[in-house]
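> Got a predicted structure plus its sequence, pasted below:
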Amino acid sequence: MESNAEKEIKFTSFMEKAVLYFLYILFTGLFIFIAMFESPKEALPLVPVMLITIPLTKWGMKWQNERYIRSAKNQDDLEKVLSELEELKNRVDKLENR
């Protein structure tokens, strides 16, 4: 059975790739659109925006995804602790009934 952390790792990596591909396509499309219908010179201000936006988005998503993964790992650990606690409770009940 897959743990919460493994599911979260798969989901966050997929979402990170999807968002970054969308940004690459968006900025490339905007650059080509402006360069074709206006002039290539007018599309150049888009380059610094792209060079700032994409790395910042990638960093922010990676930071947030690490938080999600840590949270999922904590949930997995809590499930383990709760199952061990339940086993101990059952053992104590058996000992008390003797």
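Now that the structure is in, tell me what you want to look at.

> I'd like the average pLDDT over the helix ranked longest in the chain.
Using DSSP state H, we find that the single longest helix of the chain is helix 46-97. Mean pLDDT, computed over helix 46-97, is 92.

> Which secondary structure elements does it sit against?
For helix 46-97, the packing partners by 3 or more CB pairs under 8 Å, 6 or more residues apart in numbering; DSSP states H and E come out as helix 4-37. Yep, even glycine has a C-beta here, placed from its N, CA and C like the rest.

> Report how many residues lie close to Thr12.
19 (other CB atoms under 10 Å).

> For it, give me its contacts.
Asn65, Tyr68, Ile69 (CB atoms under 8 Å, 6 or more residues apart in numbering).

> and if we set it to 6 Å?
Going by CB atoms under 6 Å, 6 or more residues apart in numbering, Thr12 touches Asn65, Tyr68.

> Let me know the pLDDT of it.
We note a pLDDT of 92 for Thr12 in this prediction.

> so the longest helix of the chain versus helix 4-37, what angle?
For helix 46-97 against helix 4-37, the angle by axes from the mean of the first three to the mean of the last three CA atoms, to 10 degrees is 170 degrees.

> Now do helix 46-97: distance to the chain's middle.
12 Å (CA atoms, centre = their mean, to the nearest Å).

> Could you do stretch 42-52 as well?
Distance, stretch centre to chain centre, for stretch 42-52: 26 Å (CA atoms, centre = their mean).

> In it, which residues are buried?
Ala43, Leu46, Met50 (16 or more other CB atoms under 10 Å).

> Could you dump these into a markdown table and include distance to Asn4?
Converted to a markdown table, the buried residues of stretch 42-52 look like this (distance: CB to CB, whole Å):
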| residue | distance to Asn4 |
| --- | --- |
| Ala43 | 45 |
| Leu46 | 40 |
| Met50 | 35 |
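
> just curious, which of these is nearest to Asp76?
Nearest to Asp76 among the buried residues of stretch 42-52: Met50, at 38.3 Å, using CB to CB.

> surely that closest one meets Phe27?
Yes: using CB atoms under 6 Å, Met50 is in contact with Phe27, at 4.4 Å.

> Give me the common contacts of those two.
Joint contacts of Met50 and Phe27 (CB under 6 Å, 6+ apart) do not exist.
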